[in-house]
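Participant: pasting the structure only:
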């Protein structure tokens, strides 16, 4: 891979007008060679409209407007297909709410470009290795996150510590080893599912420590029902109900 890879940053949005402008600005400053694709699920707060106006300032920015809330997993698939069909080297995913530091993204991209890491197919921004962590989380969220990660490791045979975070950088050729149309989950469980499918394709993973900062502006999209649904979908993978 060249020292400056062809990088696509995929950001799924729903009502992130308070955060997205700052995120795009920071990515532009730290990774000026990156293209940014916003997948917006008809945000009523004008997030998608802001993207349309911002293209004049950030020509590397594009937006796809979708009809209704179609889910994080389906948004990621759209981004992955764009990356594979447009000859990108790397495709990154991160949350739109500034919980994921663009500076950490730059570090993860740089790591994947190091010659000794050419065999790594996915670099995971990890809260649960040395140097990683969370800020501003209530106890119930900490317990729930640890539980889903332990469950994923046990049910899916994943060795990585953080399998439920969206902060990742994938090699496009690694994504090419799996059939993206087979991804079943449209919500948060896609995070475990894609690692499970990539693991079966013998893709190698690595983890980079990150600190997840709880959002300051806007409302979280997670809730107890979504959490339980993730457990159920992981169980279906682990029990062989999903192929």
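Facilitator: Received, thanks. This one's a predicted model, so the numbers in the text were calculated from it and none came from an experiment. Numbers count the residues shown, from 1 in each chain.
Participant: from here on, contacts and neighbour counts on C-alpha atoms
Facilitator: OK.
Participant: Would you mark the buried spots in stretch 182-200?
Facilitator: For stretch 182-200, a neighbour-count test (16 or more other C-alpha atoms under 10 Å) marks 183-199 as buried.
Participant: who's in contact with it?
Facilitator: By C-alpha atoms under 8 Å, 6 or more residues apart in numbering, the list of residues contacting stretch 182-200 from outside reads 70-74, 152, 156, 158, 163-166, 174-175, 177-178, 226, 229-231, 233-234, 237.
Participant: are any of the residues you listed buried, and which?
Facilitator: The neighbour count (16+ other C-alpha under 10 Å) marks 71-74, 152, 156, 158, 163-166, 174-175, 178, 230-231, 233-234, 237 as buried among the contacts of stretch 182-200.
Participant: in this structure, which ranges drop under the pLDDT threshold?
Facilitator: Across the chain, the ranges flagged by pLDDT under 70 are 1-2, 215-225.
Participant: longest helix of it?
Facilitator: Using DSSP state H, we find that the single longest helix of the chain is helix 139-156.
Participant: can you give me the offset of that one from its chain's centre?
Facilitator: Remark: helix 139-156 is offset 18 Å from the chain centroid, using C-alpha atoms, centre = their mean, to the nearest Å.
Participant: Could you list every helix and strand in contact with that helix?
Facilitator: helix 224-238 (3 or more C-alpha pairs under 8 Å, 6 or more residues apart in numbering; DSSP states H and E).
Participant: got the angle for the helix it packs on vs helix 139-156?
Facilitator: Following axes from the mean of the first three to the mean of the last three C-alpha atoms, to 10 degrees, one obtains 10 degrees for the angle between helix 224-238 and helix 139-156.
Participant: which residues are contacting helix 224-238?
Facilitator: Outside helix 224-238, the residues that reach it (C-alpha under 8 Å, 6+ apart) are 144, 148, 151-152, 155-156, 185, 188-189, 192-193, 242-243.
Participant: From residue 35, how far off is the residue of the chain positioned farthest from its centre?
Facilitator: For the chain, the largest distance from the centre (C-alpha atoms, centre = their mean) belongs to residue 56, which lies 25.9 Å off. Separation of residue 56 from residue 35 (C-alpha to C-alpha, to the nearest Å): 14 Å.
Participant: again with residue 135
Facilitator: 29 Å.
Participant: Also residue 26?
Facilitator: When residue 26 is compared with residue 35 (using C-alpha to C-alpha), they lie 13 Å apart.
Participant: In terms of neighbours, single out the busier of those two.
Facilitator: Set residue 26 next to residue 35 and count neighbours by other C-alpha atoms under 10 Å: residue 35 wins out with 21 against 16.
Participant: you'd agree that one is up against residue 63?
Facilitator: No: the pair residue 35 / residue 63 is not scored as a contact, 11.0 Å apart, by C-alpha atoms under 8 Å.
Participant: what bridges to residue 207?
Facilitator: residue 124 (DSSP bridges).
Participant: That one against residue 125, yeah?
Facilitator: Yes: at 5.9 Å, residue 207 counts as touching residue 125 under the criterion of C-alpha under 8 Å.
Participant: If you count surrounding residues, which of those two has more?
Facilitator: The neighbour comparison of residue 207 against residue 125 (other C-alpha under 10 Å) goes to residue 125, with 28 against 19.
Participant: was I right about the more buried one contacting residue 167?
Facilitator: Yes: the criterion here is C-alpha under 8 Å, and residue 125 meets it with residue 167 at 5.2 Å.
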